[in-house]
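> Provided below for reference: sequence and predicted model.
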Amino acid sequence: MLPAAQGSPAAAAARYLAFCRDHSFPHHLLKARRTAASQAAQESAPSTSTSDAPLNPWAFGFQVSERKLEWGSVAQRQLLKMHAADSLGKDIEWVEDRLERLLGIVPDLMGRMDQMKADMLLTLVANCEGIAVKAVQLKTLLPNSDVSHLISKSPALLLNLRMNDIRANLDKMREAFGPDTDVEAIITREPALLSADIHDLSSEIMRLMPGTADPIAFIAANPSIVLDMGLAGLPSTIDGDLTSEPSIF
């Protein structure tokens, strides 16, 4: 049975909507009846033209440029650009121009911008010319590697390391691995190895896993797990004997 129409039209409309919801009306009928009931409630509401009347909450708002209302990854990138522009005292157009140049050097950064920390993007934008120089130098050291991939995977690599240190670490790796090992393929899997001394890593493996027969071969097979937490960007270094069974106490 439909609810009796008692009281004001607005109250009747509210009761009618509740009745429709509770009795599971078909969606298209419920939508039509909801529209009719809402119109009835609006027609019955007292109107006022005085400037002292309180505004409804939905009447408040502000105007925003529509180009800043794009959602998803575009919105995330827009926020990053706005942060960079504000921090550098530039406008967004300047930041976008620098980003376009940066993506021309490291196109793989496009796919990682959405997850990139704002301060990292800010640093990349501010050091666009220096990154271009280092990218060329890195390509000279690693001619068979995808430098764009390396930089996008570890952007701090070019920002924090001196090229002389990268060259020295790379020379040590090539000597330790020997001519039969594709060192560039290993570095592609873990670019942060360029910041590590291969001999220090080998000693660390022997300390943590004393039963390892060939630590250099272990590094080649597991380049990502041998880096200490400092090199991986984490606050402390792994310690302990990895060969022992974990304790539950």
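Yep, that arrived. Numbering: from 1, shown residues only.
> Any idea how many residues pack against residue 198?
The number of residues packed near residue 198 is 22, by other C-beta atoms under 10 Å. The way it works is simple: take the backbone N, C-alpha and C, and place the C-beta from them, glycine included.
> Am I right that it is in contact with residue 216?
Yes - Residue 198 lies in contact with residue 216 (C-beta atoms under 8 Å); the separation is 7.5 Å.
> where do the contact lists of those two overlap?
176-177 (C-beta atoms under 8 Å, 6 or more residues apart in numbering).
> which residues in the protein form helices?
9-22, 27-44, 73-88, 92-105, 118-126, 128-141, 147-153, 156-160, 163-177, 183-189, 198-208, 215-221 (DSSP state H).
> for the record, mean pLDDT for the shortest one?
By that I understand helix 156-160. Mean pLDDT, helix 156-160: 75.
> Return that helix as CSV; C-alpha atoms alone will do.
C-alpha atoms of helix 156-160 as CSV (Å, rounded to 0.1, in the frame of the first residue of the first chain):
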residue,chain,number,x,y,z
ALA,A,156,68.7,9.7,-8.0
LEU,A,157,71.6,7.9,-9.7
LEU,A,158,72.4,10.9,-11.9
LEU,A,159,71.6,13.4,-9.3
ASN,A,160,73.7,12.1,-6.4
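> For the chain, give me the ranges with low pLDDT.
1-73, 158, 226-249 (pLDDT under 70).
> care to break it down by domain?
Split into domains by automatic domain parsing, the chain comes to 70-145, 161-240.
> follow-up on the earlier one: among the helices of the chain, which is the most enclosed?
helix 147-153 (a mean of 20; mean count of other C-beta atoms under 10 Å).
> Are there helices or strands packed against that one, and which ones?
Identification of packing neighbours for helix 147-153 by 3 or more C-beta pairs under 8 Å, 6 or more residues apart in numbering; DSSP states H and E yields helix 128-141, helix 156-160, helix 183-189.
> In a markdown table, list those along with distance to residue 170.
Listed next are the helices and strands packed on helix 147-153 as a markdown table, based on distance: least, C-beta to C-beta, whole Å:
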| stretch | distance to residue 170 |
| --- | --- |
| helix 128-141 | 6 |
| helix 156-160 | 12 |
| helix 183-189 | 7 |
